[in-house]
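K.L.:
Sequence first, predicted model second:
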Amino acid sequence: MKLLLASTSSIHGHSYLSYFKNAWINHFTGLKGPVIFVPYARPGGISWDNYTSLVAEAFNSQGIELRGIHTYNKTSDAIKEAGGFFIGGGNTFVLLKTLIENGSFNQIDKAVRQGKPYMGSSAGTNIAGTSIGTTNDMPIEYPPTFKAFNWVPFNINPHYQDPIENSTHMGETRETRIQEFHAFNKTNVIGLREGSYILSNGIDHFLKGELSARIFKPDNFPFEIEKGPLSI
């Protein structure tokens with residue numbers, strides 16, 4: 001498999017998809033078909049058409065063809081024509097429910113396992129792991145399962161934020177939420193900070209970008225891992 005899993009599409013002070021532009025351009029170079037964009041997560045309730053237009057502008061500026069999966073009469077036609085896939089951020093529950101209901105979950109899974117490159121950001125990164133149990137999103141829709149693609153043998157918490165020292169905020173931190181997850185699950189979790197991303201072939205995984213990642217294992221203290229191989 002050829003996976004590029006980003007914490008976010010944008011970071012402060014950078015235009016859309018620009019902070020890891022070289023990585024995704026290289027990821028999608030030389031395709032025999034368009035990159036199929038899946039807009040189902042709908043950040044902020046944006047329409048599928050408007051979301052796709054935003055992404056297409058970034059891709060077209062680099063000479064890479066992109067087309068929304070929803071513009072095909074059948075999702076199977078989109079998957080067949082695809083040179084690769086990009087699933088963007090938004091609400092992970094809405095994303096997974098839509099993928100399952102229209103049949104594209106299994107179709108995309110098969111295509112990626114057969115070698116078509118995949119890029120995810122935020123929600124699109126969540127569903128590459130074992131489950132969506134470490135998403136930050138509100139469950140505004142109810143998918144029939146929380147099981148994800150399981151392309152990588154761990155979960156990811158995109159947009160991971162460290163506790164703020166001396167903060168008076170009384171709500172749970174990301175670390176607390178992941179501890180709650182581990183009270184019921186044994187899957188390792190990567191806290192992926194904004195500005196970082198993971199490259200993986202499904203077996204070997206590499207942390208890229210400017211920041212370290214926070215690693216959470218059941219019944220263990222969390223620890224930092226710097227850029228390079230992820231052996232978890």
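P.N.:
Received it, and whenever you're ready, just let me know what you need.

K.L.:
and the longest helix along the chain, what does it pack onto?
P.N.:
If you go by DSSP state H, the chain has its longest helix at helix 48-60. Helices and strands touching helix 48-60, by 3 or more Cβ pairs under 8 Å, 6 or more residues apart in numbering; DSSP states H and E, are strand 35-38, strand 66-68. Heads up, the C-betas are built off the backbone N, CA and C, glycines and all.

K.L.:
Output the first one as CSV, nothing but the C-alphas.
P.N.:
Extracted C-alpha coordinates of strand 35-38, given in CSV (Å, rounded to 0.1, in the frame of the first residue of the first chain):
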residue,chain,number,x,y,z
VAL,A,35,-7.2,11.5,-7.9
ILE,A,36,-10.6,10.7,-6.7
PHE,A,37,-11.6,13.0,-3.8
VAL,A,38,-14.1,11.9,-1.2
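
K.L.:
Given it, what are its sheet partners and their directions?
P.N.:
Strand pairing for strand 35-38, using DSSP bridges, gives strand 66-68 (parallel), strand 84-87 (parallel).

K.L.:
Return the distance of it from the chain's centre.
P.N.:
How far strand 35-38 lies from its chain's middle: 13 Å, per Cα atoms, centre = their mean, to the nearest Å.

K.L.:
List the contacts of it.
P.N.:
Here strand 35-38 makes contact (Cβ atoms under 8 Å, 6 or more residues apart in numbering) with 28, 52, 55-56, 59, 64-69, 78-79, 81-88, 95, 99, 104, 108, 124.

K.L.:
Now tell me which helix or strand of this protein has the poorest mean pLDDT.
P.N.:
strand 228-229 (a mean of 91; mean pLDDT, DSSP states H and E).

K.L.:
Show residues contacting it.
P.N.:
Asp204, His205, Phe206, Leu207.

K.L.:
Try it again at 7 Å.
P.N.:
Phe206, Leu207 (Cβ atoms under 7 Å, 6 or more residues apart in numbering).
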